Each structure stands twice: as structure tokens, then as C-alpha cells.
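Asker: give me a model of this one.
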Amino acid sequence: MIKKCLLTSKSFIFILIFSISSSCNGQKETKIFPEKTKVLANSISLSAKTLPEFKTDPHVKESQGNQISGVVRTIFQDKNNFFWFGTQNGLCRYNGEELIYFDIKNDLGKRIVVTVIIEDQLGNLWIGHDGGITQYDGTYFTNFTEKQGLISNNVRSMAIDTNGIIWIGTLQGVSRFDGEKFTPFYIPEAKPDNTRGVTSSKIVHSIMEDSKGQLWFGTNGGAYIYNGEKLTNISEKDGLCNNNVNSIIEDSNGNIWFATTHNGLCYFNGNSFINITEKGNITGKEIWNISEDKNKNIWFNVKGEGIYRYDGENFTHFHAEQGLSNNATFKILEDNQGRIWSVGFMGAYRYNGKSFINITRNGPWND
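Answerer: Below you'll find the model as predicted:
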């Protein structure tokens with residue numbers, strides 16, 4: 001049965017304190033005025049040419065090919081066609097001429113690990129990492145953390161809705177940010193998935209807004225849908241292939257796709273769930289990421305098995321023989337030129353129509 005959680009609100013006025021509370025099993029909103037920490041981008045920018053090689057493990061002595069990073073966790077292309085890479089060594093950008101690293105530090109003075117990058121309607125970038133979230137306005141980096149009201153500094157997912165609200169999925173649940181204040185958003189707890197290196201009962205792996213304006217949250221307790229008024233849960237009881245949902249997308253036909261940890265890839269067509277993993281010769285069931293290209297192909301990765309492309313009928317498998325030196329992929333992206341990128345362990349790779357080529361600090365960027 002699909003579970004629903006109705007949202008209501010109450011207002012309270014206190015002397016010297018103003019807060020707004022809305023309840024859905026304890027949901028609470030508190031107005032907070034963040035003390036912004038701004039850092040001039042140019043003051044922390046470093047050319048790749050001046051930096052040592054970033055490897056999968058700093059103790060490795062041999063060169064690993066001068067990769068962008070030994071572990072690239074996400075990739076994003078902005079409105080200026082600049083490429084941004086979120087890595088275990090922080091944030092870097094290729095602006096069409098050179099690769100620049102930005103030495104962003106967390107509250108403890110340590111280099112951040114970047115997990116997600118998005119862009120708002122004004123062209124500001126929002127970077128999610130293990131030290132909170134950071135806004136880049138083209139000149140300054142501005143950091144926001146638990147001190148400013150973020151529910152957890154360990155950020156796993158982000159999305160911006162049509163109203164410009166930033167939704168942040170973390171290890172400890174969801175926050176909303178309207179540019180002035182952070183608001184906790186209640187998602188029911190689930191059983192932690194102890195097969196994952198990082199897990200909790202409140203972790204939110206994925207956030208996506210669909211074409212109807214509904215928000216979808218991928219958790220260890222299935223998927224949750226928020227239509228602005230109520231929260232609805234979809235789980236294995238409703239036909240979802242697995243409750244441990246890593247990634248959610250909507251395709252060009254309006255189908256909702258789910259990448260899961262323990263039972264492959266499925267989609268919801270509005271009436272029922274279809275598990276495509278059972279239709280083809282797919283090795284492995286742990287899927288981390290999904291992407292649709294302009295030709296309506298679905299691309300997805302399988303832990304330890306590389307990447308698959310699904311054209312609606314047939315599967316094409318890409319692995320070491322097709323140029324992927326490591327089969328552990330975190331993110332798949334189609335860029336503005338229609339090229340497919342894959343990032344993960346051992347750096348970044350781009351599909352040339354036949355195979356994947358390794359994109360290092362030296363490129364090739366334009367082939």
C-alpha cells in the first residue's frame with residue numbers, strides 16, 4: 001500500500017525569536033540567518049600544471065597517467081560550457097583553455113570531497129561535499145554548513161526546483177534552502193544498508209524534480225514523492241525493484257527510472273514497474289547512476305561491470321575492452337555537444353562513438 005504523509009503548519013511568536021514550524025512526524029522549520037563565509041575564487045585557484053599527480057591512493061608511487069583525480073565522483077557542464085569535476089581532491093574546472101583546481105577547505109581546514117554539482121537559474125553553481133554546500137557566483141565561493149542550519153555537512157545529493165528552492169540530501173536527511181534559511185524536511189527513516197561504505201537510516205541518495213513539479217527522493221526505504229502537499233512512499237510492496245534507491249531520473253517519455261543497490265534497474269510507466277535488468281544479459285545488480293541521451297538511450301553503470309547502454313530493446317556493454325580502465329563509475333553525463341562522459345575510479349572518460357577514451361589533465365579535450 002502506498003503511504004501518505006499530510007503536511008500541516010502552525011506559527012508561533014516568541015520574544016526575540018521567530019520560528020515557523022510545520023509538522024509531519026516532527027517536521028520543523030527554523031528561520032536562520034547564515035553568517036556567510038566568502039572566499040575569493042582567484043585566491044584559491046591553482047593551475048593543474050603546478051600540482052602533483054592526484055592518485056587513487058597517495059601512497060601509490062607509480063604514475064597513474066596524470067588523471068584529473070584518482071577518484072572523480074561527479075561531472076557537470078555549466079551554461080558557459082565549462083566542465084566541472086567533483087573529486088576526492090576537491091573541485092576543478094576546465095574552461096576551454098586550462099584545468100584549474102580550487103582549494104576549498106571545510107571547517108576543519110581539510111580539503112573537501114565533492115559529491116554533487118548543480119546550477120541555478122542565475123548561473124550560480126552549488127557544490128555539495130563532505131563539508132556542507134558551497135555557492136560559486138563567478139567571483140566568490142560561499143560556504144554553508146551545519147552552523148548555518150544545514151541538517152548535515154555530509155551532502156549526498158542536490159536538486160533545484162522550479163521555484164528556485166535548493167533541496168539538499170544528506171547522510172542525516174533533507175534540508176531546503178531558499179537563499180536565506182535552511183529548513184529541515186522530514187523523510188521517514190529506513191533500515192541502513194550495511195553493504196554500502198557510507199550509510200544511515202536517514203541518508204538520501206538522490207533528489208529529482210519531474211515534469212509535473214513533483215520531487216522524488218531516493219532512500220534506503222524506497223522512493224518518496226512530494227507534490228507540495230503530501231509525501232508518498234513507493235516501495236517493493238508497490239512493485240519497485242528494490243528499496244535501496246541510488247538514483248532517479250525521468251526520461252523524455254515521462255517514465256521514472258530507478259537505479260537500485262540489490263535488484264538492478266526498473267522504471268515506472270504510470271501504471272506499473274518494469275525491471276529491464278531481467279530483460280537483458282546484465283551482469284551484476286548494483287547500479288549507481290542513470291542518464292538518458294538525446295537519442296533516448298538509457299545509460300547506466302553496474303558496480304564492477306562497467307557501463308551499459310539500453311536502446312529500448314538491446315543492451316550494449318562497455319568495459320575494459322572498450323577503453324574503461326576501471327569498471328567503478330560514479331556518474332554518467334551527456335554534455336552539451338552530445339558526448340557521453342563517465343567518471344569514477346581512475347579518472348574521467350569520454351565516448352567517441354566506438355569506445356571510451358581517458359581524459360587526463362592533458363586532455364584530449366576537444367576530440
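Asker: listing request: residues of the stretch 151-300 of the chain with sub-threshold pLDDT.
Answerer: Counting by pLDDT under 70, the ranges of the stretch 151-300 of the chain that qualify are 280.
Asker: at 80 instead, please
Answerer: Low-confidence segments of the stretch 151-300 of the chain, defined by pLDDT under 80: 279-281.
Asker: tell me where it has strands.
Answerer: Listed in chain order, the strands of the stretch 151-300 of the chain (DSSP state E, counting those that start in this stretch) span residues 155-160, 166-170, 173-177, 182-185, 204-209, 215-219, 222-226, 230-234, 245-250, 256-260, 265-268, 273-275, 287-292, 298-302.
Asker: Serialize those strands to a markdown table and add fields for distance to residue 40 and mean neighbour count.
Answerer: Where C-beta positions appear, they are placed from N, C-alpha and C, glycine not excepted. Supplementary listing: the strands of the stretch 151-300 of the chain in a markdown table, determined by distance: least, Cβ to Cβ, whole Å; neighbours: other Cβ atoms under 10 Å:
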| stretch | distance to residue 40 | mean neighbour count |
| --- | --- | --- |
| strand 155-160 | 23 | 22 |
| strand 166-170 | 23 | 25 |
| strand 173-177 | 23 | 23 |
| strand 182-185 | 24 | 22 |
| strand 204-209 | 30 | 23 |
| strand 215-219 | 34 | 24 |
| strand 222-226 | 37 | 22 |
| strand 230-234 | 41 | 19 |
| strand 245-250 | 35 | 23 |
| strand 256-260 | 38 | 25 |
| strand 265-268 | 43 | 23 |
| strand 273-275 | 49 | 17 |
| strand 287-292 | 33 | 22 |
| strand 298-302 | 37 | 24 |
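Asker: figure out which of those strands is closest to residue 100.
Answerer: Comparing these against residue 100 with Cβ to Cβ, the closest turns out to be strand 155-160 (22.4 Å).
Asker: and that closest one, what does it pack against?
Answerer: Counting contacts by 3 or more Cβ pairs under 8 Å, 6 or more residues apart in numbering; DSSP states H and E, strand 155-160 is packed against strand 114-119, strand 125-129, strand 132-136, strand 166-170, strand 204-209.
Asker: would a markdown table of the strands of the stretch 151-300 of the chain with distance to residue 129 be doable?
Answerer: Putting the strands of the stretch 151-300 of the chain into a markdown table (distance: least, Cβ to Cβ, whole Å) gives the following:
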| stretch | distance to residue 129 |
| --- | --- |
| strand 155-160 | 6 |
| strand 166-170 | 11 |
| strand 173-177 | 14 |
| strand 182-185 | 16 |
| strand 204-209 | 15 |
| strand 215-219 | 19 |
| strand 222-226 | 24 |
| strand 230-234 | 27 |
| strand 245-250 | 18 |
| strand 256-260 | 22 |
| strand 265-268 | 27 |
| strand 273-275 | 33 |
| strand 287-292 | 18 |
| strand 298-302 | 21 |
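Asker: reformat the helices and strands packed on strand 155-160 as JSON lines; add distance to residue 92.
Answerer: Converted to JSON lines, those look like this (distance: least, Cβ to Cβ, whole Å):
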{"stretch": "strand 114-119", "distance to residue 92": "9"}
{"stretch": "strand 125-129", "distance to residue 92": "11"}
{"stretch": "strand 132-136", "distance to residue 92": "12"}
{"stretch": "strand 166-170", "distance to residue 92": "22"}
{"stretch": "strand 204-209", "distance to residue 92": "24"}
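Asker: right, and these - which one's nearest residue 358?
Answerer: Distances from residue 358 to each of the helices and strands packed on strand 155-160 were compared using Cβ to Cβ; the shortest belongs to strand 114-119, at 20.3 Å.
Asker: mind listing what that closest one pairs with, with the direction of each?
Answerer: Under the criterion DSSP bridges, strand 114-119 sits next to strand 125-129 (antiparallel) in its sheet.
Asker: count the residues that sit near residue 75.
Answerer: Around residue 75 there are 24 other residues, counting by other Cβ atoms under 10 Å.
Asker: no wait, residue 52
Answerer: If you count neighbours by other Cβ under 10 Å, residue 52 ends up with 7.
Asker: can you give me the distance of it to residue 198?
Answerer: Separation of residue 52 from residue 198 (Cβ to Cβ, to the nearest Å) stands at 27 Å.
Asker: what of residue 338?
Answerer: Shown here: residue 338 relative to residue 198, a distance of 33 Å by Cβ to Cβ.
Asker: out of the two, which sits in the busier spot?
Answerer: In this comparison of residue 338 against residue 198, neighbours counted by other Cβ under 10 Å, the higher total goes to residue 198 at 13 against 9.
Asker: list the residues that contact that one.
Answerer: With contacts defined as Cβ atoms under 8 Å, 6 or more residues apart in numbering, residue 198 is in contact with 154, 156, 171.
Asker: isn't the second one right next to residue 171, touching?
Answerer: Yes: assessed by Cβ atoms under 8 Å, residue 156 is found in contact with residue 171 at 6.5 Å.
Asker: then residue 147 would be within a helix, right?
Answerer: Yes: with DSSP: H, G, I helix; E, B strand; the rest coil as the criterion, residue 147 is assigned to a helix.
Asker: I'd guessed it sits against residue 107; true?
Answerer: Yes: the pair residue 147 and residue 107 passes the contact test of Cβ under 8 Å, sitting 7.5 Å apart.
Asker: okay, stretch 58-74 in PDB with CA atoms only?
Answerer: Provided in PDB are the C-alpha atoms of stretch 58-74 (Å, rounded to 0.1, in the frame of the first residue of the first chain):
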ATOM      1  CA  PRO A  58      48.500   9.000  -2.100                       C
ATOM      2  CA  HIS A  59      50.800   6.100  -1.200                       C
ATOM      3  CA  VAL A  60      51.000   4.800  -4.700                       C
ATOM      4  CA  LYS A  61      54.400   5.700  -6.100                       C
ATOM      5  CA  GLU A  62      53.900   4.800  -9.800                       C
ATOM      6  CA  SER A  63      52.200   7.300 -12.100                       C
ATOM      7  CA  GLN A  64      48.600   6.600 -12.900                       C
ATOM      8  CA  GLY A  65      48.500   8.700 -16.100                       C
ATOM      9  CA  ASN A  66      48.200  12.200 -14.600                       C
ATOM     10  CA  GLN A  67      44.500  11.800 -14.100                       C
ATOM     11  CA  ILE A  68      42.200  14.700 -13.200                       C
ATOM     12  CA  SER A  69      41.900  12.800 -10.000                       C
ATOM     13  CA  GLY A  70      42.400   9.200  -9.000                       C
ATOM     14  CA  VAL A  71      38.700   9.300  -8.000                       C
ATOM     15  CA  VAL A  72      36.300  11.600  -9.800                       C
ATOM     16  CA  ARG A  73      32.900  11.500  -8.100                       C
ATOM     17  CA  THR A  74      30.800  13.700 -10.400                       C
END
